[in-house]
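[1] generate coordinates for the sequence data below:
(chains A and B)
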Amino acid sequence: MARKQSLQRKAAVTLLAWAAALVVFFPILWMVLTSFKTELEAFSIPPKFVFFDWTLENYEVVQTRSDYVRHAVNSVILAGGSTLFALLLAVPAAWAMAFAPTERTRGTLLWMLSTKMLPPVGVLVPIYLIYRDFGLLDSHAGLIAILAMGNLPIVVWMLFTYFKEIPKDILEAARMDGATTVKEIVFVLAPMAVPGIASTMLLNVILAWNEAFWTLNLTTSDAAPLTMFIASYSSPEGLFWAKLSAASTLAIAPILIIGWLSQRQLVRGLTFGAVK
Amino acid sequence: MSTRESRTAGRILAAPSIVLLFIWMIVPLVMTLYFSTLRYNLLNPGMEEFVGLENYYWFLTDPAFLTALQNTLVLVGSVLMITVGGGVLLALLLDQPVLGQPIVRLMVIAPFFVMPTVSALVWKNLLMHPVSGLFAWLAASVGLKPVDWFAQAPLLAVILIVAWQWLPFATLILLTALQSLDEEQKEAAEMDGAGAFSFFFHIVLPHLARPVTVVILIETIFLLTVFAEILVTTGGGPGLATTNIAFLVYAQALLQYDVGGASAGGIVAVVIANIVAFFLVRLVGKNLEA
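    This next block holds a predicted model:
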């Protein structure tokens, strides 16, 4: 009796969950489907869901019209570069805070968090003018620096919460066994720190890839990443939905995959360790 | 462990991050403060003069400011309500045993990874277009008049787009929190004969209070500065219908080249964000001690 009821319940919950998930996911699904239609079919009423002439022509057009590859390369450079830069600064800092905390560590961490709350518009004007005067507008270096600084607090925090979980006793044990500091770091600590660093890296890549305030305001063409590439589709020109969809699919595909892989770590990173 | 040497080493290791972050925050902020006291337009270079608080006076008394402030509050408030409400429901649903759970989860969190410019344009064109959009077709097929979203309810349209982007975030965090509600607690409640409802109200809801607070505060920080979604869909319009504070400052700076006025607006935005930040830092700080 109870078994039957729970089976029924499971079926109902499953149905409900799938329905809800499909509603949430639908815009993405619809966009991907539209990217394979011809422009005429993309506009057709009633809409065609699966039965249309699947075509790859939009993807070709998108590449020739607005050079997807160049923007994608810029996205990779900006996201990758800013992530490396941020990690380079943050790993030692988080390491020190986790393993040699002082009475000021807590205050420093909270101060770092508070810088993240500075709204970008608050510093838009001076940053824009500084970048203009130093020729950093639309440059990779300028964007990498600003994206790295913007995410540094999150990176330090996330690494800190990971490093804090590495048991300190293990260091003493290694020392007793006669390990030198270098050996300690290479054979004991690094293997334990790598997973945390890797998830931090993924989260930072996602945030930098999708960042759409500084990239839209400070780039025009040379360093323009995919956010800008898509923004160039905001003024409609004739029939363009299928092309917009193809461009959008290309812009989000890489990060969607990384995002799905790192969903668990995401929570920790985005809540500054407040929810694990 | 914390010997004097290790502390010195610690300071040296932490210094680059702290110094760079400090410079990145303080230098532009001081410049913004300074600019905000000048009459300074990029179209008239070399004509800067000190005007005291005049820029603040003009910015704060400009009817556009009140409209933008109201839009900002409505946007933040509505998105919070939709995402927290929807997030709690979705999290409760996904916490149940569901067939194909991993796939359901992937579909639900996917929108969070979509860059703002993409979600805005896809919603605007493919879904909300008054003639050929999917919503128009849905409305027509049940005999309703299609809504011209960006003409009739532009702010609502922006709210829906932003809410769609943030719903996964709320869901994911609340789901993680629910899953940390340990089995023992659930079993104990069952042994005590707690019904589904009293279990929900006495155990689940109080357990969610903290993660909900975290969601609200973190979302607020990001929602106060929604920008790309507005830029690529409405450009702040029609009129000022979808202009929020962030967009108003942007327009003043990079469209009207009014550095002084934009700087004053930027400082106002910082003050508003600080009020929120104050609460978040306290909340997270408490957690740090535990």
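[2] could you measure from A:L250 over to chain B?
    For A:L250, the distance to chain B equals 10 Å [Cβ to the nearest Cβ, to the nearest Å]. C-beta here means a position set from N, CA and C on the backbone, and glycine is covered the same way.
[3] which residue sits closest to that residue, ignoring its sequence neighbours?
    A:Y68 (5.5 Å; Cβ to Cβ, 6 or more residues apart in numbering or on different chains).
[4] before we move on, what about A:A247?
    Here the nearest residue to A:A247 in space, its sequence neighbours aside, is A:V62; by Cβ to Cβ, 6+ apart that works out to 4.7 Å.
[5] so which bits of the longest helix seen in chain A are buried?
    Counting by DSSP state H, the longest helix found in chain A is helix A:2-35. Neighbour-count burial for helix A:2-35 flags A:13-14, A:17-18, A:20-21, A:24-25, A:27-28, A:30-31, A:33-35 (criterion: 16 or more other Cβ atoms under 10 Å in any protein chain shown).
[6] B:L283: neighbour count?
    By the criterion of other Cβ atoms under 10 Å in any protein chain shown, B:L283 has 15 neighbours.
[7] assumed it was part of a strand.
    No. Looking at B:L283 with DSSP: H, G, I helix; E, B strand; the rest coil, it is helix, so not inside a strand.
[8] helices of the chain, residue ranges please.
    Picked chain A for this. Assigned helices in chain A, in chain order: A:2-35, A:39-43, A:57-66, A:68-99, A:105-115, A:121-133, A:140-164, A:169-176, A:181-183, A:190-210, A:214-218, A:226-231, A:241-261, A:263-270 (criterion: DSSP H).
[9] correction: the question concerned chain B.
    Under DSSP H, chain B gives helices at B:4-35, B:54-61, B:63-94, B:101-109, B:116-122, B:134-141, B:149-152, B:154-179, B:183-191, B:196-199, B:205-223, B:228-233, B:245-250, B:259-289.
[10] the last one packs against which elements?
    Going back to what we said before, that points to helix B:259-289. helix A:105-115, helix A:121-133, helix B:4-35, strand B:38-39, helix B:54-61, helix B:63-94, helix B:205-223, helix B:245-250 (3 or more Cβ pairs under 8 Å, 6 or more residues apart in numbering or on different chains; DSSP states H and E).
[11] do the same with the second one
    Packing contacts for helix B:54-61, counted by 3+ Cβ pairs under 8 Å, 6+ apart, involve strand B:38-39, helix B:259-289.
[12] now swap in the fifth one and tell me
    Using 3+ Cβ pairs under 8 Å, 6+ apart as the contact criterion, the secondary-structure elements in contact with helix B:116-122 are helix A:2-35, helix A:226-231, helix A:241-261, helix B:154-179, helix B:228-233.
[13] low-confidence regions, the stretch 101-250 of chain A specifically.
    A:236-239 (pLDDT under 70).
[14] before we move on, the earlier item: report how many residues lie close to the residue nearest to A:L250.
    By the criterion of other Cβ under 10 Å, A:Y68 has 18 neighbours.
[15] and A:E184, by the same measure?
    Here the number of neighbours of A:E184 (other Cβ under 10 Å) works out to 16.
[16] surely B:D95 and B:L178 touch.
    Yes. With contact defined as Cβ atoms under 8 Å, B:D95 reaches B:L178; the gap is 4.5 Å.
[17] and stretch A:249-263, what's buried?
    Per 16+ other Cβ under 10 Å, stretch A:249-263 contains these buried residues: A:249-252, A:254-256, A:258-259, A:262-263.
[18] only C-alpha atoms, please: export that stretch in PDB.
    Provided in PDB are the C-alpha atoms of stretch A:249-263 (Å, rounded to 0.1, in the frame of the first residue of the first chain):
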ATOM      1  CA  THR A 249      24.400  29.100 -29.600                       C
ATOM      2  CA  LEU A 250      28.100  29.500 -30.600                       C
ATOM      3  CA  ALA A 251      28.600  32.100 -27.900                       C
ATOM      4  CA  ILE A 252      27.200  30.100 -25.000                       C
ATOM      5  CA  ALA A 253      28.100  26.500 -26.000                       C
ATOM      6  CA  PRO A 254      31.600  26.400 -24.500                       C
ATOM      7  CA  ILE A 255      30.700  28.000 -21.200                       C
ATOM      8  CA  LEU A 256      27.500  25.900 -20.800                       C
ATOM      9  CA  ILE A 257      29.600  22.800 -20.800                       C
ATOM     10  CA  ILE A 258      32.100  24.200 -18.300                       C
ATOM     11  CA  GLY A 259      29.200  25.400 -16.200                       C
ATOM     12  CA  TRP A 260      27.500  22.100 -16.100                       C
ATOM     13  CA  LEU A 261      30.800  20.500 -15.000                       C
ATOM     14  CA  SER A 262      31.300  22.800 -12.200                       C
ATOM     15  CA  GLN A 263      27.800  23.400 -10.800                       C
END
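[19] hang on, the residue nearest to A:L250 packs against A:M228?
    No. Contact criterion Cβ under 8 Å: A:Y68 and A:M228 do not qualify, at 12.0 Å.
[20] isn't B:Q96 right up against A:A11?
    No. Contact criterion Cβ under 8 Å: B:Q96 and A:A11 do not qualify, at 11.3 Å.
[21] which ones are touching the closest residue to B:I161 other than its chain neighbours?
    Distances taken as Cβ to Cβ, 6+ apart place B:W123 nearest to B:I161, at 4.7 Å, with adjacent residues excluded. Contacts for B:W123 (Cβ atoms under 8 Å, 6 or more residues apart in numbering or on different chains) come out as A:27, B:157, B:160-161, B:164, B:233.
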